[in-house]
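Peer 1: sequence plus predicted model, see below.
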Protein chains: 2
Amino acid sequence: MLKNHLAACLVLFMTSFALPTASFSAGADVSHAKLANGLEIVVIPDRRAPVVTHMVWYRVGASDEPRGKSGIAHFLEHLMFKGTEKIAPGDFSKIVARNGGQDNAFTTQDATSYFQRVAKERLPLVMEMEADRMANLRLLNEDVLNERQVILEERRTRVDNDPSSILSEQVQAALFLAHPYGIPVIGWQHEMEHLSREDALSFYKTYYSPNNAILVVAGDVEAAEVIKLAEETYGKLPAGAPLLRRDRGIEPEAIAARRVILRDERAAKATLSRSYLAASYTTAKPREAESLELLASILGSTGTGRLYKKLVVEERKASSAGAWFAGTALDYGRFGIYAVPAGDIPLEALEPLMDAVVAEVRDNGVTAAELERVRNAAIADIVYDADNQTNLARTYGWALVTGRTIEDVKNREAALTAVTLDDIKNAARTHLDMRRSVTGSLLPDPKKVAAGAATKKISVPGPGGTIH
Amino acid sequence: MLKNHLAACLVLFMTSFALPTASFSAGADVSHAKLANGLEIVVIPDRRAPVVTHMVWYRVGASDEPRGKSGIAHFLEHLMFKGTEKIAPGDFSKIVARNGGQDNAFTTQDATSYFQRVAKERLPLVMEMEADRMANLRLLNEDVLNERQVILEERRTRVDNDPSSILSEQVQAALFLAHPYGIPVIGWQHEMEHLSREDALSFYKTYYSPNNAILVVAGDVEAAEVIKLAEETYGKLPAGAPLLRRDRGIEPEAIAARRVILRDERAAKATLSRSYLAASYTTAKPREAESLELLASILGSTGTGRLYKKLVVEERKASSAGAWFAGTALDYGRFGIYAVPAGDIPLEALEPLMDAVVAEVRDNGVTAAELERVRNAAIADIVYDADNQTNLARTYGWALVTGRTIEDVKNREAALTAVTLDDIKNAARTHLDMRRSVTGSLLPDPKKVAAGAATKKISVPGPGGTIH
């Protein structure tokens, strides 16, 4: 049971998905509709193969959980595979597989998404099944208790057995004083242990309804055909109660730099990482989020980025160094930098070098050549991302579920093109401010380091802490 | 209006109230009763003068606030002075004063308390008035908006204009990752600005009722007479809806030391302070909270404490140093240590000395002579505290509202007497652990320090952040 489900819920927690950025020539054909019951529909033609990607996005994530019930959004995501009156427990993914398809789901702070990739003739089938579990989930207490063991095991594997993941979790918890982005999507273990069938059903009844969902279909389909099918399946469901605006709070002004120091003898290498509270694509001023994204590349690209060049190449004090921007979020974005020391270089020797790189871009900005290099790469990525049907669907789903528009997606290239050197400098000055930061130090057992344990890549967060 | 109210709500945010610890010879006469509508009554005879202290404690505080409404518990406390059908807005305190009495109120994370000290003949009057506003609060929108300016001004004065208070607030926010003790009682400014009449009334209707209140009367009174009076006033009010258990969440295991660094040019002196997550009197094992309290004296007493002796006397690196234990709380206690550097000694030079003092008690405990000295002082304080009628009433109110009993208060001397050297060492080992700590650094403008600005006492937290 455990293995089956873990296999079904493939890990998508990868850097390559950190920035859903597709825009593409076919963008002009994207259709947007809404059913009478409130279900939003996006259809993205992609005719290169006779397959479709069918995704349902709910406008609810871990940051909407009741206090003390951390993990319930993700737990419910698992339980959605437990069946309905028509589908026996555990059969959902089997039916999809039997029909030659793949399915999966993921939960983030802001959204929960379910998707299948199937041959285009199977679209009516997966729509029927997805609409069915949107309204008719049935949960046996035994299944719920078994699945709770699965999510607890998932937490142990993904977080508690991995010191760098523990540090990431602790840094994020320290970054947010008021907003629930500080609570891990997977949940705090002691709260997960008490999540019940009633908790899951209450969350389901509150948030799972057509008027709180977005259907995204990408593939070899016509918009009219998809909308007709949706009408015949999802259209039969009644609208749920109107949902309130998602007001999850605002951070108090960030005025004091924070640090988190984790000593863990299981860590193979020390690492230094810093997260800054930043704007997200949804909350940023024009060009601000694009500037942060481009700045993350300028600072962070392996080989050519400023951190790598300074810390790894010139000073030879780090074995790796980088930066990232997690900007796809309803409320706050996060900007991160990190470095892993070379040999037995202490973190205290690394941090001033990192600080100097940040101070340099705050004071003097970046060069036109750097901006052009990362901008060209980002624009090229738009095309590469569009080449993958799942990425394509995901890009539109992410945009809409975080309060952006189809136009925003289509205008991505123009927005990147509009970024100026001043924009980058302003974004760095505003957001790369120590008062908005949490610096995390992972300190391994000194004996192990002396013994020359193998190095280990530190985990870089995806958008809003996606987990499955 | 502003001045009047600030004057009425006297500041009780003082270290001397940090540990409500009275027990006394008269303790045997304390009466405990409950009305049919759920109101708990405690009567404490104190016949030295013909006065009474009348307190009503509600089992609700800032940590029970809805998410995003920080400050509403304290705001409502202010608004409770705005009148009812019988009392015109702002007249409550005037009537008490006209009758020769004083009144006040305070809000903490766990409780909200209203009290009057009057001549004993006036007890029926204040009971009538307090019962009236328990059920019949009337709020004009204009009064609410004016009072919101008052609490915002209170925040500016108490916190935002005082760098050491800002640091305390930031340290406490960083100490709690899941539990609302991290949210300041006064509220986050951006949330306070939006608190409305409806928010206040909703909080009032949910939590202000006889079955959620404790009446404490200390003074020259007979229990039977007080209970009869209470029956005639509070007894007429209907019980409110039953209240749920106060489950405000549990902290995830503390695994990573945290730091907060505040640079503020208004600070006259650098300070180093550290808070450890600890047990409270309510959650501690037998003798554990008493041990932490005694340990705070052993480490922290001015002149004789270990921190003072090491940092100020021997090493001459600090101008002051101390420790405190805030143990009166429903959920968590907090243990704190702090030091203010002498001259231009950097905090980096101070911290290893502080660490060494802590390491010494963790490794080797304290001496029998130290334990006897602070124990004798604590037992003597029981008598001194009992000498003040308000302290007396407060001690019983605090105990009951945080889930302790009258027996616990009466047994305080015995509990202190039972503490062993091993208890102290165990308490230090368990709680004075860096992983459970947040270390705060306040760094002033270097130019000002060089110019020799006057030193300033750092603020030491009272029980659960009491404010008025």
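Peer 2: Perfect, I can see it now. Residues are numbered from 1 along each chain as shown, chains lettered A, B, ... in the order given.
Peer 1: going forward, measure contacts and count neighbours with C-alpha atoms only.
Peer 2: OK.
Peer 1: and the residue in the stretch 51-200 of chain A that chain B sits nearest to, how many neighbours?
Peer 2: Per C-alpha to the nearest C-alpha, the residue of the stretch 51-200 of chain A with the smallest distance to chain B is A:Gly68, at 5.3 Å. For A:Gly68, the neighbour count with other C-alpha atoms under 10 Å in any protein chain shown is 21.
Peer 1: would it count as being in a helix?
Peer 2: No. Assigned with DSSP: H, G, I helix; E, B strand; the rest coil, A:Gly68 falls outside any helix and is coil.
Peer 1: look up the closest residue to it, ignoring the ones flanking it.
Peer 2: B:Gly249 (5.3 Å; C-alpha to C-alpha, 6 or more residues apart in numbering or on different chains).
Peer 1: quick one: which helix or strand includes A:Ala241?
Peer 2: Using DSSP states H and E, A:Ala241 falls within no helix or strand.
Peer 1: same thing with A:Val340?
Peer 2: Element membership of A:Val340, judged by DSSP H and E, is strand A:332-341.
Peer 1: adjacent strands (with direction) for that strand?
Peer 2: strand A:271-279 (antiparallel), strand A:318-326 (antiparallel) (DSSP bridges).
Peer 1: looking at these, spot the one closest to B:Glu413.
Peer 2: strand A:271-279 (49.0 Å; C-alpha to C-alpha).
Peer 1: returning to that earlier point: quick check: which of the strands paired with strand A:332-341 is nearest to B:Ile72?
Peer 2: Nearest to B:Ile72 among those is strand A:271-279 (26.6 Å), distances taken as C-alpha to C-alpha.
Peer 1: helix or strand right after the closest one?
Peer 2: helix A:288-300.
Peer 1: which residues does that following helix contact?
Peer 2: Contact partners of helix A:288-300, identified using C-alpha atoms under 8 Å, 6 or more residues apart in numbering or on different chains, comprise A:279-281, A:304-308, A:321-325, A:327, A:335-337, A:366, A:370-371, A:374-375, A:378, A:415-416, A:419, A:423-424, A:427-428.
Peer 1: how about the residues of the stretch 101-250 of chain A by chain B?
Peer 2: Contact residues (C-alpha under 8 Å from any C-alpha of the partner chain) of the stretch 101-250 of chain A with chain B: A:167, A:170, A:173-174, A:177-178, A:182-183, A:188-190, A:248-250.
Peer 1: again, only using 7 Å
Peer 2: Contacts of the stretch 101-250 of chain A with chain B, taken as C-alpha under 7 Å from any C-alpha of the partner chain, map to A:Ala173, A:Ala174, A:Leu177, A:Trp188, A:His190, A:Gly249.
Peer 1: could you identify the most distant pair in these?
Peer 2: Taking C-alpha to C-alpha, the two most distant members of those are A:His190 and A:Gly249; they sit 23.9 Å apart.
Peer 1: can you pull the contacts of A:Ile151?
Peer 2: Residues near A:Ile151 by C-alpha atoms under 7 Å, 6 or more residues apart in numbering or on different chains: A:Phe75.
Peer 1: so A:Phe106 bridges to which residues?
Peer 2: Assigned bridge partners for A:Phe106, using DSSP bridges, are A:Ser113.
Peer 1: quick check: it vs A:Val43, distance?
Peer 2: 21 Å (C-alpha to C-alpha, to the nearest Å).
Peer 1: kindly report the same for A:Met192.
Peer 2: 37 Å.
Peer 1: which of these two has more neighbours?
Peer 2: Between A:Met192 and A:Val43, A:Val43 has the larger neighbour count (other C-alpha under 10 Å), namely 25 against 21.
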